[in-house]
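Student: Need coordinates for the following:
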Amino acid sequence: RPHPNETDISVYQRFIDGMDNVSISKDEDLLVPLSQAKMVISGNSTALMEADLLGKPIVILDVFNKGYASFSNCFKSVRDARGLLHFFNRLDNKNNGFYLKGGAYLNMALLINKLVGEAK
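Tutor: Numbers count the residues shown, from 1 in each chain. Next up, the predicted model:
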């Protein structure tokens, strides 16, 4: 999913051309694509935290070598297609993850409340 301010998503589209089981989400509630995702690939986004709360496998794809993984040591990071394939092959294929887990919205609300409380 591109940043909401990005208007040209052709660079992302080129990454997934020819893959019929991969899509780019834009202009919809983030929980919709996250709840349907088998895994979440991102650079540096709060979507990683939301996906983690939903129990989705998460990987940071740092193809531009910007060091995004250094912002959080709790997410796996890869730099290229080989690393991404290795991450994917190690996933538990029994977990299709097509539905929101119970309490997902509650977990997000609690986290947001905690973050807001700490920011005051």
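Student: who's in contact with residue 51?
Tutor: Residues in contact with residue 51 (CB atoms under 8 Å, 6 or more residues apart in numbering) are 34, 37, 40, 42, 58. For every residue, glycine as well, the C-beta is placed using N, CA and C.
Student: Identify the residue nearest it in space, chain neighbours excluded?
Tutor: residue 40 (4.0 Å; CB to CB, 6 or more residues apart in numbering).
Student: Look up how far residue 89 lies from the one you found.
Tutor: Relative to residue 89, residue 40 is positioned 16 Å away (CB to CB, to the nearest Å).
Student: More neighbours: which of those two?
Tutor: The neighbour comparison of residue 40 against residue 89 (other CB atoms under 10 Å) goes to residue 40, with 22 against 8.
Student: Am I right that residue 41 is in a strand?
Tutor: Yes - Residue 41 forms part of a strand when assessed by DSSP: H, G, I helix; E, B strand; the rest coil.
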